[in-house]
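K.L.:
need a 3D model of the sequence below.
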Amino acid sequence: MGEGRGGDIALTVERQAAARVLLVNPLVRAATSPEDFAGITTHADWLIQRFTGLLGYSLTVEAQFARLHKGAPIGVEPSGLRQRSGSPFTPRGYAYLTVALAVLGTGPATVSLADLLSEVRATAIEAGVRVGPAERLAERRPLAAALVQLAQWGVLSAEATTPADIGSRVERGAERSHDLELQVDHDVLRAIPGPAVEEPAATAAPDEDPAEQERTIELAVRRRLVEQAVVYRDELTERHREWLARNQWRTIAQLGDFLGCDGEIRAEGVALVGVSDGRATGFPAVPLDRPAVRLVSRIAEELRPNRTARATPIPDDLLDRALATIPEQGSRTVALERLAEFGLIERRDPEDTPEWSLLAAAARFTPHPAENPAEPTADPDTTQ
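P.N.:
Numbering: from 1, shown residues only. The predicted structure follows:
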């Protein structure tokens, strides 16, 4: 009997790990992530059922890849793609990415990097995209970012060449120097857009069936909980806030069973937090990178925010000292952006000083004595 129970636990852990992988990386390929892909294929039926029932997401599992087709949480600005530096994609980067997808979709299975760049630029001009001189670094960078993203997705690959190598060649204008041949995976490419996903409306229609209204709100709030680091109640609509208040404990339990995470329910909001060996490992669908963790941990260590307050002003000198712990200037800006995106800090009214406030959820990153301040820690106390 004990052996069977151990098997059940192991099975649950495997399924939860596969679900978390898909939330963080909606496109998982057998070639680049064999262990993750094996876990997904083993539990494909369970994952498809849970993603559909709990979040209204569809999951496609093919022979060589798995693709989770997400819908947007209501009221949350999509975080979008990021460049290798960690900074957000620019509008020009998205334009080049769209054009490259169109070019590759009707092209051959093998193409040289030089020919691909030439065709992307020509197609962009035909589509009315304003294209600058090819030798300008400001023009090469967004094009490089688009091709790096395609390589990371597995649409493009080259023998003994990483996505970063492809991007570096494009940025340097050295694409013709070694006549790099790229392989195009059309199966993965076709999966990028994905099928339509059920989109919960921002507000339920007055004449909508009550059960459908409930489902609309339920999907919207659950998606927000898994895709956003922290959900503050005052950022929700009245209907969504009421639904969460009635269903928060059941919802946290369901999502916790699905993802293997804990939930924190407080007066100011709700958060799902991954836990391993009693320590917080981050938010399930939105991992926080190390510079951002280091920054918020340093601030929280000195500020010791009041957990009952939604926001605590960060003195400018404290912010400067904390930012100084991150060597690269660009990484400092990215870390601030990420913390704001995750609901851990916020920019105050332009008339106010200091400029930034630490939000309630950041209290969980306050280091305990003898702990590494660069690591997030679990909070054993969960209150309503």
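K.L.:
neighbours of Gln248, how many?
P.N.:
Burial measure for Gln248: 18 neighbouring residues, criterion other C-beta atoms under 10 Å. No exception for glycine: its C-beta is placed from N, CA and C like everyone else's.
K.L.:
again, but for Asp179
P.N.:
Other residues within reach of Asp179, judged by other C-beta under 10 Å, total 10.
K.L.:
can you read off the pLDDT for the residue lying closest to it once chain neighbours are set aside?
P.N.:
In space, Asp179 comes closest to Ser112 once its chain neighbours are excluded; the distance is 5.9 Å by C-beta to C-beta, 6 or more residues apart in numbering. Looking at Ser112, its pLDDT reads 92.
K.L.:
which parts of the stretch 251-384 of the chain are helices?
P.N.:
290-303, 316-323, 329-341 (DSSP state H, counting those that start in this stretch).
K.L.:
pick the most buried one from those.
P.N.:
When neighbours are counted by mean count of other C-beta atoms under 10 Å, the highest per-stretch mean among the helices of the stretch 251-384 of the chain falls to helix 290-303, a mean of 21.
K.L.:
just the CA coordinates for that one, please, in PDB.
P.N.:
Written as PDB, here are the backbone C-alpha positions of helix 290-303 (Å, rounded to 0.1, in the frame of the first residue of the first chain):
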ATOM      1  CA  ARG A 290      18.500  36.600 -10.900                       C
ATOM      2  CA  PRO A 291      19.300  40.300 -11.200                       C
ATOM      3  CA  ALA A 292      15.700  41.200 -10.500                       C
ATOM      4  CA  VAL A 293      15.600  38.800  -7.500                       C
ATOM      5  CA  ARG A 294      18.800  40.300  -6.200                       C
ATOM      6  CA  LEU A 295      17.400  43.900  -6.600                       C
ATOM      7  CA  VAL A 296      14.100  43.300  -4.900                       C
ATOM      8  CA  SER A 297      15.800  41.200  -2.100                       C
ATOM      9  CA  ARG A 298      18.200  44.000  -1.300                       C
ATOM     10  CA  ILE A 299      15.400  46.600  -1.200                       C
ATOM     11  CA  ALA A 300      13.200  44.400   0.900                       C
ATOM     12  CA  GLU A 301      16.100  43.600   3.300                       C
ATOM     13  CA  GLU A 302      16.600  47.200   4.200                       C
ATOM     14  CA  LEU A 303      13.100  48.400   3.900                       C
END
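K.L.:
please pull out the lowest mean pLDDT helix or strand from this structure.
P.N.:
Every helix and strand of the chain was ranked by mean pLDDT, DSSP states H and E. The lowest is strand 279-282, at a mean of 48.
K.L.:
quick one: the strands in this structure?
P.N.:
Remark: strands assigned in the chain by DSSP state E are 27-29, 58-61, 65-69, 110-112, 156-157, 181-184, 231-232, 261-265, 269-276, 279-282, 311-314, 345-347, 356-359.
K.L.:
show me the shaky parts of the protein.
P.N.:
Counting by pLDDT under 70, the chain has low-confidence residues at 1-7, 71-79, 177-178, 194-208, 275-288, 305-309, 367-384.
K.L.:
please redo it, this time with the cut-off set to 50
P.N.:
Regions of the chain meeting the criterion pLDDT under 50 cover residues 1-3, 276-281, 369-384.
K.L.:
contacting residues around the closest residue to Ala191 other than its chain neighbours?
P.N.:
On the basis of C-beta to C-beta, 6+ apart, the spatially nearest residue to Ala191 that is not a chain neighbour turns out to be Arg67, at 4.4 Å. Listed by C-beta atoms under 8 Å, 6 or more residues apart in numbering, the contact partners of Arg67 are 26-28, 59-60, 191, 194.
K.L.:
identify the farthest-apart pair in those.
P.N.:
With distance counted by C-beta to C-beta, no two of the contacts of Arg67 lie farther apart than Val28 and Gly194, which are 13.6 Å apart.
K.L.:
between those two, point out the one with more neighbours.
P.N.:
Counted by other C-beta under 10 Å, Val28 and Gly194 do not tie: Val28 has more neighbours, with 23 against 16.
K.L.:
look up how far Phe51 lies from that one.
P.N.:
In this structure, Val28 lies at 13 Å from Phe51, with C-beta to C-beta, to the nearest Å as the measure.
K.L.:
same deal with Thr32?
P.N.:
From Thr32 across to Phe51, the span is 22 Å (C-beta to C-beta).
K.L.:
okay, the two: which has more neighbours?
P.N.:
Neighbours were counted for Thr32 and for Phe51 using other C-beta under 10 Å; Phe51 has more, 20 against 15.
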